[in-house]
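Asker: Take this sequence and fold it.
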Amino acid sequence: MPHTVRSLSAQLRGLGVVPGDVVLMHSSLRSLGFVAGGPHAVAQALLDAVGPEGTLVVPTHTPENCDPAGWRNPPVPEAWWPVIREQAPGFDPARTPSRWMGVLAETIRTWPGALRSDHPWLSFAALGSQAPTITGAHALDDALGERSPLGAVYRLDGKVLLLGCGHDSNTSLHLAEWRQESPPRGPRGASMRQPDGSSRWTTWIDVLERGGDFELLGADFEAAVGLSVGPVGSATARLMSQRALVDFATDWLATHRSTG
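Answerer: The predicted structure follows:
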């Protein structure tokens, strides 16, 4: 039988999502199998599960809006870099689509009432009662740190939902990177839309994020702390406390990862 809004919502509740929750979700829509109504139905099931007092948060990153000097997949000729920096449309929270975040994240981003943070590279969108708090402040030079939506979710004691994907997609682990004593930092750049509609290339310094060890970190977290695992649609879903995850990851990274 096809999965439906009602069946998905019931499975999310069975996993541990309760009304009023703040849930930061990462997802693979394909892993859910056939859903009557497609991504619209999945989004509705998630909203039904958290209820009108809850909040759903998704990453709406724009990784193509970064310095072309660092592009590797694929790289572009150095002669192109000034043109890209000068001519790329500036990031606009209302207009710029996310990329590589999945169709479900885009569905939430464009849902009526959704709010989006204004970071030109690592934005998040939120829908629900805590959306203004989560998206209202996003420091340019603290993209995944305390002054970001990740920090806001932590302060609100939110949950992380991995819907058919692994810890390599678990953005909250980056908050633990930002919390290290002396994380490596480097230059960043992006095009930003100005009030008059023009674009301006902007540069800043921030933590250099990594993620190659996140699957191992996540496996150690599951073994040491635990989380809720169960089916949602045809996918395997994981639900965890973001605070417990980030606290564990902060200690784990300090022990297992070199800062060089």
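Asker: So, low pLDDT: which residues of the chain?
Answerer: Within the chain, the segments meeting pLDDT under 70 span 259-260.
Asker: Do a quick rundown of the helices in it.
Answerer: Per DSSP state H, the chain carries helices over the ranges 5-15, 38-50, 81-87, 103-109, 131-135, 149-155, 172-178, 214-224, 242-256.
Asker: Highest mean neighbour count out of these?
Answerer: Comparing the helices of the chain on average neighbours per residue, with mean count of other C-beta atoms under 10 Å, the densest one is helix 149-155 at a mean of 25. Quick note: C-beta positions are derived from backbone N, CA and C, even for glycine.
Asker: starting at the chain centroid, how far to that helix?
Answerer: How far helix 149-155 lies from its chain's middle: 11 Å, per C-alpha atoms, centre = their mean, to the nearest Å.
Asker: Contacts made by that helix with the rest, please.
Answerer: Outside helix 149-155, the residues that touch it by C-beta atoms under 8 Å, 6 or more residues apart in numbering are 22, 24, 57, 117, 124, 126, 130, 133-135, 137-138, 142, 144-145, 171-172, 174-175, 242-243, 246.
Asker: mind putting the helices of the chain in CSV, distance to Leu32 included?
Answerer: Formatted as CSV, the helices of the chain follow (distance: least, C-beta to C-beta, whole Å):
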stretch, distance to Leu32
helix 5-15, 8
helix 38-50, 6
helix 81-87, 36
helix 103-109, 9
helix 131-135, 24
helix 149-155, 23
helix 172-178, 22
helix 214-224, 20
helix 242-256, 22
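Asker: Compare those and give me the one nearest Cys66.
Answerer: Relative to Cys66, the nearest member of those by C-beta to C-beta is helix 81-87, separated by 10.0 Å.
Asker: Remind me what that closest one packs against, helices and strands.
Answerer: If you count contacts as 3 or more C-beta pairs under 8 Å, 6 or more residues apart in numbering; DSSP states H and E, helix 81-87 packs onto strand 199-207.
Asker: so what does the strand it packs on touch, helix or strand wise?
Answerer: When contacts are defined as 3+ C-beta pairs under 8 Å, 6+ apart, strand 199-207 packs onto helix 81-87, strand 185-193.
Asker: got JSON lines for these, with distance to Leu253 too?
Answerer: Below are the helices and strands packed on strand 199-207 laid out as JSON lines (distance: least, C-beta to C-beta, whole Å):
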{"stretch": "helix 81-87", "distance to Leu253": "32"}
{"stretch": "strand 185-193", "distance to Leu253": "15"}
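Asker: can you tell which of those is closest to Gly158?
Answerer: Evaluated with C-beta to C-beta, the helices and strands packed on strand 199-207 place strand 185-193 nearest to Gly158, the distance being 25.8 Å.
Asker: Could you tell me the angle between the closest one and strand 199-207?
Answerer: In terms of direction (axes from the mean of the first three to the mean of the last three C-alpha atoms, to 10 degrees), strand 185-193 departs from strand 199-207 by 160 degrees.
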